[in-house]
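1. Structure for the following, please:
(one chain, ligands or ions: 2)
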Amino acid sequence: MTIKVPLGTLVVDAETGEVLADLTGEGQRVLVARGGRGGRGNARFATATHRAPRFAQPGTPGDVHTLRLDLKLIADAGLVGLPNAGKSSMLAAFSAARPKIAAYPFTTLTPNLGVVNIPSRGGFVVADIPGLIEGAAQGAGLGIRFLRHIERTRLLVHVVDISDGADDPARAVETIEQELRAYNPALLSLPRILAANKSDLPHAAGLARLAAGCAGRICPWSSSRR
Ligand SMILES: Nc1nc2c(ncn2[C@@H]2O[C@H](COP(=O)(O)OP(=O)(O)OP(=O)(O)O)[C@@H](O)[C@H]2O)c(=O)[nH]1
Ligand SMILES: [Mg+2]
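-> Numbering: from 1, shown residues only. Ligands and ions are numbered 1, 2, ... in the order given. Just a heads-up that it's a prediction; the model follows:
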C-alpha cells in the first residue's frame, strides 16, 4: 500500500522516536513496513493425478509499526513577527499567494507558502507563519508549534510594525527573538533581516527606536501599494 504525503514529511517511529525517513524530494518513496510472504492456495498444488488437493499454505504476517508523520514545510525563507505586523501582507506583495489579511491579531492560523519568482535566478519559497506573542513558548496565543515549519529555512525575515500607533518596535524584536530562542536556539544562528513594515504610515518615532536597538539589520518596507 502506498500512502501519499506532502513534501517535508518526517516519518518517525512512534515508540522509539527514531526518524526513519525525511521525505524532502519530489517523488521520493520509502518502504516503512515490508509485507509478509504471500500464501499459496490449493490450486497451486494441483497436479495431473491430484487435481483437487485439500491443502494450502498460509502467508506470513507483514511488519507492524506504529509511525508518526510530522510535517516540516520546506521553505527557503520564513516570515516571523508579532500578530498584525504584516507578515501575510508581505507574502501577498511578493508572491502569488493570497493569504487572509486583516486588521486583527491571529488572522493567520496555519502556515502559508508562496513562491517568489526572480526571472534571472529562479524562484524561492517563503513561509508565512502565525504571529508569535510573549510567552508563546509556554503556550500563549497560538504557541510555538508552527516554528517547526521555519526550522528548515535558510533565512528569517522578521517583520516589525514601525508605524507610530504600534508598540515599541525594539521591544517587539526582543520579544520575538526570545520566543525563537526558547523554541530552538539554532533559529537565532540563521541570518535574520528586520523588515521595518508599514513605512507608508507616520513612523519617525518607531523607526528611531528600532534603529537605536538594531541598526544595520533594518530594511524599510511597505506592503501597501498606495
Ligand atoms: N499601512 C499599512 N498597513 C499594512 C501594511 N502591511 C500590513 N498592513 C495592515 O496590517 C494589518 C495586518 O496585516 P497582516 O498581513 O494580516 O498581518 P500578519 O502579521 O500576517 O498578522 P497575523 O496573521 O495575525 O499574525 C492588515 O490590516 C494589513 O492591511 C503596510 O505596509 N502598510
Ligand atoms: Mg498573517
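
2. for the closest residue to P169 other than its chain neighbours, what are its contacts?
-> Nearest-residue entry for P169: L210, 4.2 Å, with adjacent residues in sequence omitted and distances by C-beta to C-beta, 6 or more residues apart in numbering. From N, CA and C alone the C-beta is placed, and that goes for glycine too. By C-beta atoms under 8 Å, 6 or more residues apart in numbering, the contact list for L210 reads 160, 162, 169-170, 173, 194, 196, 218.

3. Quick check: L210 vs N117, distance?
-> Here L210 is placed at a distance of 30 Å from N117 (C-beta to C-beta, to the nearest Å).

4. Assign the residue nearest to T175 when sequence neighbours are not counted to helix, strand or coil.
-> Nearest non-adjacent residue to T175, counting by C-beta to C-beta, 6+ apart: E134, 4.9 Å away. At E134, secondary structure determined by DSSP: H, G, I helix; E, B strand; the rest coil is coil.

5. Check E134 and give its pLDDT.
-> On pLDDT, E134 comes in at 94.

6. try A204
-> So A204 comes in at 88 (pLDDT).

7. Please apply the same query to the one 10 residues further on.
-> In this model, C214 is scored at 73, pLDDT.

8. is it true that it touches A196?
-> No. Applying C-beta atoms under 8 Å as the test, C214 and A196 come out as separate, 9.2 Å apart.

9. residue contacts, the nearest residue to E15 once chain neighbours are set aside?
-> Residue nearest to E15 in three dimensions, not counting chain neighbours: T66, with 6.2 Å by C-beta to C-beta, 6+ apart. Applying C-beta under 8 Å, 6+ apart to T66 gives the contacts 13-15.

10. hang on, the earlier thing: need the contact list for the residue nearest to T175.
-> Here E134 is in contact with 140, 175, 178-179 (criterion: C-beta under 8 Å, 6+ apart).

11. could you dump the residues you listed to TSV with neighbour count?
-> Formatted as TSV, the contacts of E134 follow (neighbours: other C-beta atoms under 10 Å):
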residue	neighbour count
A140	13
T175	19
Q178	16
E179	24
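
12. follow-up on the earlier one: for the residue nearest to P169, grab phi and psi.
-> With angles defined as degrees, to the nearest 10, L210 sits at phi -70, psi -40.
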